[in-house]
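Engineer: mind looking at a prediction? Sequence and model below.
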Amino acid sequence: MFSNHLKEYADRKYEERLPYLKGIREELEEGFRLCTPAQEVLMRFFYGTMPLRDAGEYEFRVFLSFVKHAIWLREHVEWCADLPEDIFVNHVLYYRINSEDISGNRAFFHEQLKDRIASCQDPAEAVLAINYWCAENAAYEASDMRTASPMTVYRSGKGRCGEESTFAVTAFRSVGIPARQVYTPRWAHCDDNHAWVEVWLHGRWYFLGACEPEEILNKGWFSNASSRALLVHSRCFSDFTEEGEACIGKEGVTWFYNNTVTYARTKNLTVSVTDPEGKPAEGAEVSFEILNMAEYCSVAVLTADEAGEVRLTLGLGDIRIRAMLNGWCGEALVSAAVQERAALRLDTDLSQTDWIRDVWEQEEVKAPADYPVNPGLVTPEQKQRRREKLAAANRLRERRINAYYDEKAADKYPGEKERLRLAAGNFGELYRFLERDTNPDRKALLHSLRVKDCKDAKADVLEDALQYAGAFREAWEEETYRKYLLCPWVYYEELTPYRSFISRYFTDGEKAAFAQEPEKIQEYICRNIAYEPEQDYRTICATPSGCLKLKQGNALSRKILFVAICRTLGIPARINRVTQEAEYLCGDGFLVPGKQEEMAGSAGADSKAGLTLRVEDGRKWIYYQTWTIGRLDGMQFTTLDYEGMGWEGPAYRLSLEAGVYRLLTASRMPNGNQYTSRRIFTLKEGEEKEIFMSLREAGMEDMLVRNEIPDFEVTDRDGRKRSAADIMGGGSGVFFFLEEGAEPTEHVLNELIARAEDWKAAAEQAKLLFILAGEEALSNATVKRTLEKIPGITVVFDTEGDTAEPVARRMYVDPEKLPLLVVTTGGMTGIYGSSGYNVGSVDLMHKLLVKG
């Protein structure tokens with residue numbers, strides 16, 4: 001059934017992996033005895049290529065379920081039978097898509113979809129139908145970094161883009177359609193990132209938005225945004241591939257492929273690196289870093305060849321490149337828009353301090369320009385058909401998810417109702433946990449869960465945490481007990497019943513020694529838990545049980561294991577949110593194992609160094625938006641996590657360890673460009689340092705863009721359908737997408753009223769268009785007053801409520817916030833956009849109209 005090439009590849013990879021599988025060797029041999037020859041080939045392929053962590057986390061039968069389903073598809077589904085073998089094993093068979101928890105889900109998804117696509121003659125037709133099914137079962141919801149499994153997304157009906165795309169890829173693969181997740185690790189023109197899906201049809205890849213169905217392929221809300229990407233990539237967990245796409249490089253067991261050319265205008269950039277003596281720096285690591293969320297994020301790391309060179313295809317914008325070798329580094333801001341080559345010299349010896357200037361250094365970082373690489377044109381009929389089908393999908397999804405909630409049962413636990421509602425399809429698990437007895441810690445444990453945990457936490461996992469923590473309840477004060485003993489999560493790992501496993505794993509003597517001296521836990525981990533980065537996928541971490549079974553785990557996995565062992569033995573422990581260090585409670589403060597000293601930033605600790613940041617207006621300073629601080633760790637700066645901190649007055653003091661730090665500030669312009677300032681400085685032990693923050697303000701010229709807005713249809717007050725372009729008539733104007741009665745809209749309307757005479761004059765020269773949800777909006781008192789004061793305003797209606805989002809996305813402002821305000825010239829060319837309420841936006845729009 002499979003080629004000799006695949007059989008030989010699977011055998012070779014499996015034999016290479018065997019030395020790392022000693023802890024589960026018996027389980028594997030028993031499993032292989034029950035396999036058919038075809039199944040054994042694919043199972044060897046799995047165990048030879050999978051992230052090593054997965055081998056210790058999931059049972060043989062889980063992987064076998066994927067193999068059996070894939071073989072059935074290969075034998076019974078025509079479009080799957082015809083696939084090239086490498087496409088089949090990597091993009092239909094393969095169980096892992098991203099960093100999700102793994103469960104045997106393919107048969108479930110196939111069962112849901114088989115009737116939906118039974119009449120489809122072409123896989124492209126099936127793809128469109130399946131994506132509508134995805135929309136019926138999952139919609140976007142922002143959440144934390146842990147990737148929920150496809151089954152969790154199905155049961156909860158919600159997921160962020162990485163989870164939606166994992167869900168959709170699972171759906172496509174379940175029916176034999178090759179699919180993969182495609183990802184821009186960081187946007188260049190705005191903060192955050194995005195993931196979507198590509199499917200293999202008729203010998204090539206097509207893209208689509210996961211759970212965001214369209215009537216055609218190669219179309220999504222991100223089409224324009226992706227034309228401004230610096231890098232778009234996909235991943236594969238084996239190198240069993242034919243020649244074709246450009247491989248960026250390998251990290252552990254993961255191969256990354258460069259897909260940027262599909263979405264954006266690109267240039268092939270060559271970077272040459274020389275050592276301090278000017279010779280080619282073979283072996284230097286070259287990191288490509290995008291400024292996003294006020295930090296430089298490494299999106300690709302390549303190794304220099306014998307000529308000291310690396311090559312990467314990039315979008316046409318600015319990117320920081322940092323080269324590193326043997327304690328020396330060199331870096332520069334490079335523009336792929338104008339450069340085909342860049343040269344870096346390793347001129348900074350990081351072991352010295354003479355390179356640290358301790359002054360603010362300013363740069364402008366330019367984003368790629370907007371360019372319609374994939375216009376994705378649809379007809380009015382297709383738009384209407386999509387609108388109707390999507391509305392039906394939303395109704396079906398909401399009905400199914402709401403049905404999970406049992407109001408009568410939840411009434412028994414009024415304080416936990418919100419948690420039970422968040423659980424959606426996991427309602428039964430949480431309810432079963434609460435019902436077992438009247439232990440008040442059940443409710444406390446439930447309230448320690450994060451939103452995503454509510455959606456997939458199992459009753460037996462919660463019970464495991466409750467029973468083992470309960471034995472130490474009287475030894476600790478309430479807050480310490482709840483946060484650092486009872487709580488079932490340590491970081492953003494999958495929740496597992498690790499306490500019972502750990503308790504069985506160690507002898508009574510070992511446990512007694514660990515409890516007496518927690519430092520011995522760290523010593524055990526250092527001696528016994530190894531890590532082979534070439535055998536793993538850095539994005540995922542092992543659970544405590546998996547770590548111990550395989551005696552393997554990356555740095556984060558080992559930190560989680562330390563905390564897990566501590567909590568199992570009644571020692572309060574945590575991972576410090578700011579530093580990501582494992583810590584255990586000793587006396588009045590937390591210690592980092594192996595350091596025997598209190599961590600900076602820990603509760604009750606006297607800081608070893610202090611940094612006071614001074615600002616004029618604390619409201620402008622939002623962590624991961626306008627500033628970050630990072631500490632030099634080896635060869636690169638690691639960002640500390642102060643997300644959510646608020647400025648109380650004009651100063652904020654950070655408690656820090658001695659070391660070298662980098663402050664970054666960023667101010668993003670509407671055109672996507674950023675003004676950034678950086679300051680590298682040293683903090684000595686016991687030093688108190690003060691820095692005045694620097695943030696460059698935007699000028700009028702920085703605020704303007706030129707984005708063509710696609711025409712859209714509205715209804716006028718006489719009930720006639722009109723195009724926006726027709727109403728604007730080729731002149732200047734402003735679109736006001738309003739949400740009457742909502743506070744942000746009220747603020748905007750009041751600002752219009754405050755300058756009514758100016759806006760009345762503007763309405764004589766430009767078209768002011770109020771776009772409301774319907775006639776009832778005209779009864780709102782503030783809307784009525786605004787129209788009375790500025791009679792030149794034209795009122796139209798968007799009864800379907802779907803025109804604001806594409807306009808917002810075209811202007812690269814938040815599509816989820818109203819009011820949406822867009823200044824236009826030449827009819828439909830947007831020059832300025834604002835969403836939500838921003839102080840001064842109304843005055844700025846008036847200035848732009850008068851100036852224009």
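Structural biologist: Nice, thanks for sending it over. Residues are numbered from 1 along each chain as shown.
Engineer: and the longest helix for the protein?
Structural biologist: In the chain, taking DSSP state H as the definition, the longest helix is helix 380-403.
Engineer: buried set for that one?
Structural biologist: For helix 380-403, the neighbour count (16 or more other Cβ atoms under 10 Å) marks 383, 386, 390, 393, 397, 400-401 as buried. Glycine gets a C-beta too; all of them are placed from N, C-alpha and C.
Engineer: now stretch 352-364
Structural biologist: Buried residues in stretch 352-364 (16+ other Cβ under 10 Å): 356, 363.
Engineer: alpha carbons only: can I get that stretch in PDB?
Structural biologist: Provided in PDB are the C-alpha atoms of stretch 352-364 (Å, rounded to 0.1, in the frame of the first residue of the first chain):
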ATOM      1  CA  GLN A 352      32.000  43.400  28.200                       C
ATOM      2  CA  THR A 353      30.000  46.600  29.000                       C
ATOM      3  CA  ASP A 354      31.700  49.100  26.700                       C
ATOM      4  CA  TRP A 355      28.900  48.700  24.100                       C
ATOM      5  CA  ILE A 356      26.200  49.800  26.600                       C
ATOM      6  CA  ARG A 357      25.400  53.500  25.900                       C
ATOM      7  CA  ASP A 358      22.500  54.100  28.300                       C
ATOM      8  CA  VAL A 359      20.900  56.700  26.000                       C
ATOM      9  CA  TRP A 360      17.700  56.700  24.000                       C
ATOM     10  CA  GLU A 361      18.200  55.700  20.300                       C
ATOM     11  CA  GLN A 362      15.400  56.400  17.900                       C
ATOM     12  CA  GLU A 363      14.400  54.600  14.700                       C
ATOM     13  CA  GLU A 364      11.500  54.600  12.200                       C
END
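Engineer: pull the residues that contact that stretch.
Structural biologist: Residues from elsewhere that reach stretch 352-364, judged by Cβ atoms under 8 Å, 6 or more residues apart in numbering: 333, 348-349, 660, 673-682, 694, 696.
Engineer: got the domain ranges for the protein?
Structural biologist: 4-256, 257-365, 424-591, 609-697, 704-851 (automatic domain parsing).
Engineer: including mean pLDDT and distance to residue 414, could those go into a markdown table?
Structural biologist: Converted to a markdown table, the domains of the chain look like this (pLDDT from 0 to 100; distance: least, Cβ to Cβ, whole Å):
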| stretch | mean pLDDT | distance to residue 414 |
| --- | --- | --- |
| domain 4-256 | 96 | 22 |
| domain 257-365 | 97 | 39 |
| domain 424-591 | 97 | 11 |
| domain 609-697 | 93 | 29 |
| domain 704-851 | 93 | 30 |
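Engineer: mind putting those domains in a markdown table, distance to residue 418 included?
Structural biologist: Shown next, in a markdown table, are these (distance: least, Cβ to Cβ, whole Å):
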| stretch | distance to residue 418 |
| --- | --- |
| domain 4-256 | 14 |
| domain 257-365 | 29 |
| domain 424-591 | 9 |
| domain 609-697 | 21 |
| domain 704-851 | 22 |
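Engineer: how far off centre is stretch 524-544?
Structural biologist: Relative to the chain's own centre, stretch 524-544 is displaced by 23 Å; criterion: Cα atoms, centre = their mean, to the nearest Å.
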